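1. what's the 3D shape of this:
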Amino acid sequence: MNDLTIVMYHYVRPIKGSRFPGIKGLELEGFRRQLDHLSEKFHIVSTERIIDAIKNGSKLPSNACWLTFDDGYKDHFKFVLPELLKRNLHGAFFPPRVAIVDDVVLDVNSIHHILNCATDVEELVSKLNAHCHSCGMAESETALLYKKLAVANRFDNANTIYVKRMLQHALPEELRSSIVNKLFDEFVGISTASFSNELYMSIDEVQSLVKSGMYVGSHGSRHYWLDKISPDEQEKDIKESLTFIEKIGAATKDWVMCYPYGAYNNATLTLLQKYQASAAVTTEVRVANLTNDNPFELPRLDTNDFPQ
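-> Modelled structure (predicted):
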């Protein structure tokens, strides 16, 4: 069979009573219960065993499961690592370089917290559009973008998706960054440097993951939608990420890529082969099969697809 259930995690923390109780994440108690459930129903395997199965054709155990953690949150060091070590479980962590090295907040997280602090998403859409219009975009242009982008998915309504897509990739990068910063200041009101230090792991903490036997792989350097940038920009981003991974003492041979936003294209696949990656995980929702799936296009399930 060689089926592999890959579980995707992001925020894992005590959310209720926190500074941002509306953030969409997994409560720590729910994570503990979920780990116990997965340990009972599945055989949780290491990244190294998965790489061996891909490279050498070794068979995975029945009900194999791989735990993956995206974005380099301090949650992963503070809350996730102790729970994994307590149960003698393995996890794979994918931090973007800039989140760990630079005092910046990834656009994806700025947007999450803007949405969390906005009490009325329709008002937020109006403010976003007003910023676009003040920078020279016509109202007809934002109307067309809304029609194209505002498509609800299984987690978010149409207005929320519109805000996310506009600020993630639809607008030009310079304009996008400017508007994100303005909305972050207005709705969240925290300096990006202090918020970055609060949100993401330090280099020492990432190195502690490696020393504890966890896997650390690539989530790109700047957390770009890779399919929205040129092949040359993709290559630069991947090389920066691999330099960072080498610096923290993780493997850069037969390494694993976790696509930011699940976004990639044929140029990305070519670059992964060029730089000797062994596998990559996407956001396609289904169980993977190492016999039939392209190892650079492995699907994952979300934590919300399992009991908590």
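
2. for L28, give me its contacts.
-> L28 makes contact with V12, R13, P14, F79, according to Cβ atoms under 8 Å, 6 or more residues apart in numbering. C-beta here means a position set from N, CA and C on the backbone, and glycine is covered the same way.

3. how about those, which pair is most distant?
-> V12 and P14 (9.5 Å; Cβ to Cβ).

4. H219: which of the contacts of L28 is nearest?
-> Nearest to H219 among the contacts of L28, with distances taken as Cβ to Cβ, is V12, at 16.1 Å.

5. go through this structure and flag its longest helix.
-> Ranked by residue count under DSSP state H, the longest helix found in the chain is helix 231-247.

6. using CSV, write out every CA atom in it.
-> Extracted in CSV, the C-alpha atoms of helix 231-247 (Å, rounded to 0.1, in the frame of the first residue of the first chain):
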residue,chain,number,x,y,z
PRO,A,231,12.3,30.9,-11.8
ASP,A,232,15.3,33.1,-11.0
GLU,A,233,13.6,34.5,-7.9
GLN,A,234,12.5,31.0,-6.9
GLU,A,235,16.1,29.8,-7.1
LYS,A,236,17.4,32.7,-5.0
ASP,A,237,14.7,32.0,-2.4
ILE,A,238,15.5,28.3,-2.2
LYS,A,239,19.3,28.9,-2.0
GLU,A,240,18.8,31.4,0.8
SER,A,241,16.7,28.8,2.7
LEU,A,242,19.2,26.0,2.2
THR,A,243,22.0,28.3,3.5
PHE,A,244,19.9,28.9,6.6
ILE,A,245,19.1,25.2,7.1
GLU,A,246,22.9,24.4,6.9
LYS,A,247,23.6,27.2,9.4
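
7. now it, how far from the chain's geometric center?
-> Counting by Cα atoms, centre = their mean, to the nearest Å, helix 231-247 is centred 17 Å from the centre of its parent chain.

8. and it, what does it pack against?
-> Contact analysis of helix 231-247 by 3 or more Cβ pairs under 8 Å, 6 or more residues apart in numbering; DSSP states H and E lists helix 97-101, strand 255-258, helix 266-274 as its packing neighbours.

9. highest mean neighbour count out of these?
-> strand 255-258 (a mean of 26; mean count of other Cβ atoms under 10 Å).

10. tell me how far A193 lies from N129.
-> Note on A193: its distance to N129, by Cβ to Cβ, to the nearest Å, is 29 Å.

11. for the two, work out which one has more neighbours and name it.
-> Neighbour totals were compared for A193 and N129, and N129 leads with 19 against 12 (other Cβ atoms under 10 Å).

12. what's the helix or strand for that one?
-> Secondary-structure element containing N129, defined by DSSP states H and E: helix 121-134.

13. ok, back up a step: the more surrounded of V12 and P14?
-> Per other Cβ under 10 Å, whichever of V12 and P14 has more neighbours is V12, with 23 against 13.

14. residue contacts, that one?
-> Residues in contact with V12, defined by Cβ under 8 Å, 6+ apart, are G25, L26, L28, F31, F69, Y73, D75, H76, F79, V80.

15. identify the bridge partners of it.
-> L26 (DSSP bridges).

16. with L301 instead?
-> Going by DSSP bridges, L301 is paired in beta bridges with V7.

17. any idea how many residues pack against it?
-> 18.

18. with the one 3 residues further on instead?
-> Under the neighbour criterion other Cβ under 10 Å, N304 is assigned a count of 13.

19. and it, that's in a helix?
-> Yes. The assignment for N304 by DSSP: H, G, I helix; E, B strand; the rest coil puts it in a helix.

20. contacting residues around T283?
-> M8, Y259, Y261, G262, P299, R300.

21. which pair in those residues spans the largest distance?
-> Y261 and P299 (14.5 Å).

22. may I have the beta-bridge partners of the residue nearest the centre of the chain?
-> The centroid of the chain falls nearest to D70 when counting by Cα atoms, centre = their mean (3.9 Å). Beta-bridge pairing for D70 (DSSP bridges): F94.

23. what's the pLDDT at it?
-> Looking at D70, its pLDDT is 98.

24. contacting residues for it?
-> D70 touches M8, Y9, H10, F94, H219, C258, counting by Cβ under 8 Å, 6+ apart.

25. one more time with 10 Å
-> 8-11, 76, 92-96, 108, 219, 223, 258-262, 281, 283, 300 (Cβ atoms under 10 Å, 6 or more residues apart in numbering).

26. T5 now?
-> Counting by Cβ under 10 Å, 6+ apart, T5 makes contact with 38, 41-44, 63-67, 286-288, 299-301, 305-306.
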